[in-house]
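# Got a predicted model here, sequence first, then my questions.
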Amino acid sequence: LLTPPGSEAAPAAVGGGAPAPAVRCPKMLARFFRLTQSLDKRSVGEFLGERDEFNQAVLREYTWLFDFSGDPIEEALRLFIESFLLPGESQK
């Protein structure tokens with residue numbers, strides 16, 4: 001999906017052909033996931049669902065990019081969950 005931290009490989013394409021940034025900054029990668037409409041939502045969900053430290057840091061930053069103030073809980077959850085597809089294995 002993406003160049004792992006510490007790797008010198010070129011960035012991979014994510015979903016709809018959008019080039020993934022070769023970054024090691026969770027905040028920048030979270031913004032890329034949130035603002036790039038052409039990304040494959042399944043790939044984003046798989047990345048955010050991984051348990052390694054970097055992926056979890058990206059997930060935390062990704063979550064902070066949403067503003068749910070004033071939204072009913074159902075609407076806020078729907079908006080968040082629709083931004084990516086949950087992995088098939090809910091045990092992640």
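Good, I have the coordinates.
# Could you report the distance from residue 85 to residue 45?
4 Å (CB to CB, to the nearest Å). From N, CA and C alone the C-beta is placed, and that goes for glycine too.
# So these two - more neighbours on which side?
residue 45 (18 against 15; other CB atoms under 10 Å).
# so after the helix or strand containing the more buried one, what's the next helix or strand?
Assigned by DSSP states H and E, residue 45 belongs to helix 41-49. Counting by DSSP H and E, the element after helix 41-49 in chain order, helix or strand, is helix 53-64.
# Report all helices and strands that that next one contacts.
The contact analysis (3 or more CB pairs under 8 Å, 6 or more residues apart in numbering; DSSP states H and E) places helix 53-64 against helix 26-35, helix 41-49.
# 6 Å - rerun?
helix 26-35 (3 or more CB pairs under 6 Å, 6 or more residues apart in numbering; DSSP states H and E).
# What average pLDDT does the helix it packs on get?
Helix 26-35 shows an average pLDDT of 95 in the prediction.
# Against which helices or strands is it packed?
helix 53-64.
# what inclination does the helix it packs on have with respect to helix 26-35?
Angle, helix 53-64 to helix 26-35, by axes from the mean of the first three to the mean of the last three CA atoms, to 10 degrees: 50 degrees.
# centre of the chain versus helix 53-64, how much separation?
Centroid displacement of helix 53-64 relative to its chain, using CA atoms, centre = their mean, to the nearest Å, is 8 Å.
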